[in-house]
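Novice: Predicted model, plus sequence, below.
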Amino acid sequence: MQEKVIRKAFRAAFPRTIPILAGFMFLGMAYGIYMNVSGFDFWFPLLMSLTVFAGSMQFVAVGLLLGPFEPLKAFMLTLMINARHLFYGLSMLDKYNVPGLKRYYLIFGMCDETFSINCTADVPPDVDRGWFMFFVTLLNQIYWVVASTIGGLFGSLIQFDTTGLEFVMTALFVVIFLEQWMKEETHYSSLLGLGLSLLCLIIFGGSNFIIPSMCLLLAALMLLKKPLEKAGESN
């Protein structure tokens, strides 16, 4: 009986993850290739994808691994980049309250794409929601692990000039920003982020502006939370 429940949940979850498969295969392979051309063996992206599974942060981690040992900077940068997961977690408290060890894997494996599916999916009444969310999470991580490992394995066989491949990380953030821009009714928060980032870039320079700009932006959003919400409501 349990096996039937699990199979039904898998069959319901897999079609929802096919668009993620298409995106993760490209980005994951790009990440694996980037790790390879940066001097890391294939098992580095494999282990990073298995244990970290943080998408954009894994791209950032390449520079951190190659740079001087700065644990505080790495911690702050990781916290700022993935701070949105705090809000993801709060919004999924009820849905992730499932029996067994599944809940712990659901917490670990949450990413933007998995959150979007598990948060909005209309799960059929005859499908176990806990197993459905588990398979969505597991399949998405498998896609990323396999793609990044393939990129790490075959990156050394690529004959074309890979200079500038790290720009895929910048492109990823640009796409995320544009998607958010198109979803917004007003653009005050986005413009605030652009303005403060530009200010910090001018003051601190290109090598040191990220953490100050993120800290300043977080403080500004906290202070301006109510005015920004009212501005959104008025439109």
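Specialist: Alright, I've got the coordinates. Numbering: from 1, shown residues only.
Novice: which stretches of this protein form strands?
Specialist: When assigned using DSSP state E, the chain turns out to have no strands.
Novice: Which parts of it belong to which domain?
Specialist: For the chain, automatic domain parsing gives the domain ranges 2-157, 184-234.
Novice: so where's the protein shaky on pLDDT?
Specialist: Across the chain, the ranges flagged by pLDDT under 70 are 1, 156, 158-173, 175-176, 179-180, 183-184, 228-235.
Novice: Now find how far off-centre the lengthiest helix in it is within its chain.
Specialist: Of all the segments of type helix in the chain, defined by DSSP state H, the longest one is helix 2-37. When C-alpha coordinates are averaged (C-alpha atoms, centre = their mean, to the nearest Å), helix 2-37 and its chain have centres 14 Å apart.
Novice: If you count neighbours, what's buried in it?
Specialist: For helix 2-37, a neighbour-count test (16 or more other C-beta atoms under 10 Å) marks 8-10, 12-13, 16-17, 20-21, 24-25, 27-37 as buried. Where you see a C-beta, it was placed from the backbone N, CA and C, and this is true even at glycine.
Novice: Could you do stretch 65-78 as well?
Specialist: Going by 16+ other C-beta under 10 Å, stretch 65-78 has these buried residues: A74, L77, T78.
Novice: leaving aside the residues next to it on the chain, what's closest to the last one?
Specialist: Meaning T78. Excluding its sequence neighbours, the residue lying closest to T78 (C-beta to C-beta, 6 or more residues apart in numbering) is M57, at 5.8 Å.
Novice: what do you get for the first one?
Specialist: Counting by C-beta to C-beta, 6+ apart, L64 is the residue found nearest to A74 once chain neighbours are left out, at 5.1 Å.
Novice: ok, now which ones touch that neighbour?
Specialist: Counting by C-beta atoms under 8 Å, 6 or more residues apart in numbering, L64 touches E70, K73, A74, L77.
Novice: distance of it from I142?
Specialist: Relative to I142, L64 is positioned 25 Å away (C-beta to C-beta, to the nearest Å).
Novice: and if you look at K102?
Specialist: 16 Å.
Novice: out of the two, which sits in the busier spot?
Specialist: Of the pair K102 and I142, K102 is the one with more neighbours under other C-beta atoms under 10 Å, namely 18 against 15.
Novice: Is that one in contact with F134, as I believe?
Specialist: Yes - using C-beta atoms under 8 Å, K102 makes contact with F134 at a distance of 4.8 Å.
Novice: Okay, buried residues for stretch 196-207 please.
Specialist: If you call a residue buried by 16+ other C-beta under 10 Å, then stretch 196-207 has these buried ones: L196, S197, C200.
Novice: can you redo the residues you listed as a markdown table with distance to K225?
Specialist: Putting the buried residues of stretch 196-207 into a markdown table (distance: C-beta to C-beta, whole Å) gives the following:
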| residue | distance to K225 |
| --- | --- |
| L196 | 15 |
| S197 | 19 |
| C200 | 21 |
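Novice: if we take those, which one ends up nearest to L106?
Specialist: Proximity of the buried residues of stretch 196-207 to L106 (C-beta to C-beta) peaks at S197, which lies at 32.8 Å.
Novice: Can you name the residues that contact the closest one?
Specialist: S197 makes contact with F209, S213, L217, according to C-beta under 8 Å, 6+ apart.
Novice: Please narrow those residues to those residing in helices.
Specialist: Per DSSP H, helices hold the following members of these: S213, L217.
Novice: I appreciate the help and will end here.
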